[in-house]
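[1] quick one: sequence plus predicted model below, questions after.
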Amino acid sequence: MKFTCFITSVLTLAAGIINAATVPIRTRNRVVLDSSDPEHDADMKNEALWGQYHNNMRSILMSRKSGCTLDTVQRRVNWNSMEDEEKKLYLQAVTCLHNISSVTDPKVMPGARSRYDDFTATHFLQAGYVHFSGLFLSWHRMYLHLFMTAMRDECNYYGPVPYWDWSKTYKNPLQAPILDGSELSFGGDGEYVPNRPPTEVRFPFGATVTVQPGTGGGCLKNGPFVDFKMHLGPGIGPDQGPDGGRGYNPRCIVRDISLSSAANTRPSNVTKVLEAKDLGEFNLVLDEPVTGTHVHGHFHLGGMQLDPFVSPSDPIFWPHHGMIDYLWSVWQGLDWDNRRDQVWGTSTIGNGNDDVTLDYKLNFEVFTEPSAIRNFVSTIDGPFCYIYE
């Protein structure tokens with residue numbers, strides 16, 4: 001895939017977690033698709049929407065004299081924009097969490113062995129509530145924050161919080177620096193396993209999506225997580241792990257890059273999300289089974305990304321969900337006063353009957369006390385102070 005780079009501005013890049021150390025000013029390059037790409041116009045529109053969001057948030061922050069201000073706000077950045085040393089330290093911190101002992105009750109999740117497993121366990125226990133429901137966006141926003149807080153407090157990572165803009169490499173994800181297989185990536189594809197059947201992914205509201213076999217299917221074959229072991233799951237399917245997926249089941253990270261699913265992360269699908277009229281439409285477009293960028297951001301990676309219970313087992317989960325939070329943040333910032341406090345849906349998977357309100361409390365298991373959604377709707381208030389670059 002061809003790219004064209006243009007420099008939008010010189011920005012101060014700060015660490016993407018509260019109280020993190022500041023890093024030097026550097027030139028920020030934003031990458032757009034080549035003009036010959038059929039998605040070029042949509043990509044340019046998405047860049048323009050980001051620009052509107054960025055200007056709006058800067059104006060809000062400039063008007064503040066205390067709390068989260070333009071001087072204190074942290075910048076979350078695309079993985080491509082990080083310095084090599086920052087990438088190295090981030091990846092090392094992930095491994096560090098994997099080497100710290102779990103604090104999850106073994107009676108609840110007997111397979112958890114590491115601090116990293118505590119995050120997978122939390123996702124497993126909350127999966128039936130925080131997917132395809134009104135809890136999805138706010139829960140995952142705080143979940144990512146808690147992960148980055150652990151990276152800082154327990155593994156001394158003070159660099160930026162990365163997101164992965166998969167719309168830029170929708171034609172071939174392995175062209176993305178985050179998946180190029182180098183030691184400064186999250187690894188690329190899995191070993192190729194031939195003659196595999198398609199995977200049927202069933203959604204709680206009745207829809208079924210067939211994910212065709214990709215170009216891998218086996219253990220991750222390169223990058224820093226080749227020896228990284230998943231301990232929990234699978235949580236669903238014929239190969240469900242012991243104790244319903246909660247037991248100890250050490251195995252490698254599996255990837256299976258699917259170009260057909262990757263095509264659904266294309267810029268025009270991102271545009272549909274960002275142009276949603278309200279939060280209900282935003283969620284429905286984001287998670288639409290056939291073209292939704294959230295679900296196909298998972299699906300095009302294969303492996304545990306097809307399992308909603310233990311998808312965080314593969315560290316690529318975090319920058320993927322950084323991109324989901326990026327989309328929600330940009331959408332909010334385009335009309336901040338009307339969108340900041342919007343809620344939608346119910347508190348159960350597939351949307352039941354109990355409507356979500358700002359006072360509904362989210363559960364994060366061992367990481368923190370339950371807290372109301374209202375504390376997590378703004379990226380520049382409450383526990384947060386960040387914007388996206």
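    Arrived safely. Numbering: from 1, shown residues only.
[2] now stretch 211-226: average pLDDT?
    Per-residue pLDDT over stretch 211-226 has a mean of 95.
[3] state the distance from the closest residue to Gln175 other than its chain neighbours to Ile257.
    Spatial nearest neighbour of Gln175, chain neighbours left out: Thr169 (4.9 Å); criterion: CB to CB, 6 or more residues apart in numbering. Glycine gets a C-beta too; all of them are placed from N, C-alpha and C. Counting by CB to CB, to the nearest Å, the gap from Thr169 to Ile257 is 11 Å.
[4] same question for Pro234.
    From Pro234 across to Ile257, the span is 19 Å (CB to CB).
[5] try Val290
    19 Å.
[6] the two: which is more packed in?
    Ranked by neighbour count (other CB atoms under 10 Å), Val290 and Ile257 place Ile257 first, with 21 against 9.
[7] what bits of the stretch 201-350 of the chain have low per-residue confidence?
    203-206, 350 (pLDDT under 70).
[8] rerun at 80
    Scanning the stretch 201-350 of the chain for pLDDT under 80 picks out 201-209, 290, 349-350.
[9] please apply the same query to the stretch 1-150 of the chain.
    For the stretch 1-150 of the chain (pLDDT under 80), the answer is 1-31.
[10] now the helices for it?
    Taking DSSP state H, counting those that start in this stretch to define them, one finds helices in the stretch 1-150 of the chain at 40-62, 84-98, 115-126, 136-155.
[11] quick one: contacts of stretch 282-293?
    132, 134, 136-137, 166-167, 203, 207-209, 264-265, 269-270, 272-273, 276, 294-295, 324, 327-328, 331, 344-345 (CB atoms under 8 Å, 6 or more residues apart in numbering).
[12] got the end-to-end distance for it?
    Across stretch 282-293, the terminal residues are separated by 11 Å (CA to CA, to the nearest Å).
[13] buried stuff in stretch 368-380?
    Neighbour counts using 16 or more other CB atoms under 10 Å place Ser371, Ile373, Arg374, Asn375, Phe376, Val377, Ser378, Thr379, Ile380 of stretch 368-380 among the buried residues.
[14] just the CA atoms of that stretch, as CSV, please.
    The C-alpha coordinates for stretch 368-380 follow below in CSV (Å, rounded to 0.1, in the frame of the first residue of the first chain):
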residue,chain,number,x,y,z
THR,A,368,-10.6,-0.8,41.9
GLU,A,369,-13.9,-0.3,43.6
PRO,A,370,-17.1,-0.1,41.4
SER,A,371,-17.7,3.4,40.1
ALA,A,372,-20.4,5.2,38.2
ILE,A,373,-20.2,5.6,34.4
ARG,A,374,-20.3,9.4,34.9
ASN,A,375,-16.7,9.2,36.1
PHE,A,376,-15.5,7.8,32.8
VAL,A,377,-17.4,9.7,30.1
SER,A,378,-14.9,12.6,29.8
THR,A,379,-11.2,12.1,28.9
ILE,A,380,-10.3,15.4,30.6
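[15] just list what the helix or strand hosting Val330 packs against, helices and strands only.
    Using DSSP states H and E, Val330 sits within helix 317-333. Secondary-structure packing of helix 317-333 (3 or more CB pairs under 8 Å, 6 or more residues apart in numbering; DSSP states H and E): helix 40-62, helix 136-155, strand 162-163, helix 267-274, helix 279-286, helix 293-299, helix 336-339, strand 386-388.
[16] given the helix or strand following the shortest one, what are its sheet partners and their directions?
    If you walk from strand 162-163 toward the C-terminus, the next helix or strand you reach (DSSP H and E) is strand 190-192. In its sheet, strand 190-192 lies beside strand 217-220 (antiparallel), with partners assigned from DSSP bridges.
[17] give me the contact list for the strand it pairs with.
    So strand 217-220 is contacted by 187-193, 196, 226, 228, 252-256, 302 (CB under 8 Å, 6+ apart).
[18] cutoff 7 Å now
    187, 190-193, 196, 226, 252-256, 302 (CB atoms under 7 Å, 6 or more residues apart in numbering).
[19] could you do stretch 116-129 as well?
    Contacts to stretch 116-129, defined as CB under 7 Å, 6+ apart, come from residues 97-98, 102-104, 109, 112, 135, 139, 147, 231-232, 235, 245, 308-310, 312-313, 347-349, 363-367.
[20] buried subset of those, written for PyMOL?
    In PyMOL, this line selects whichever of these come out buried by 16+ other CB under 10 Å:
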select buried, resi 97+98+102+104+109+112+135+139+147+231+232+235+245+308+309+310+312+313+347+348+349+363+364+365+366+367
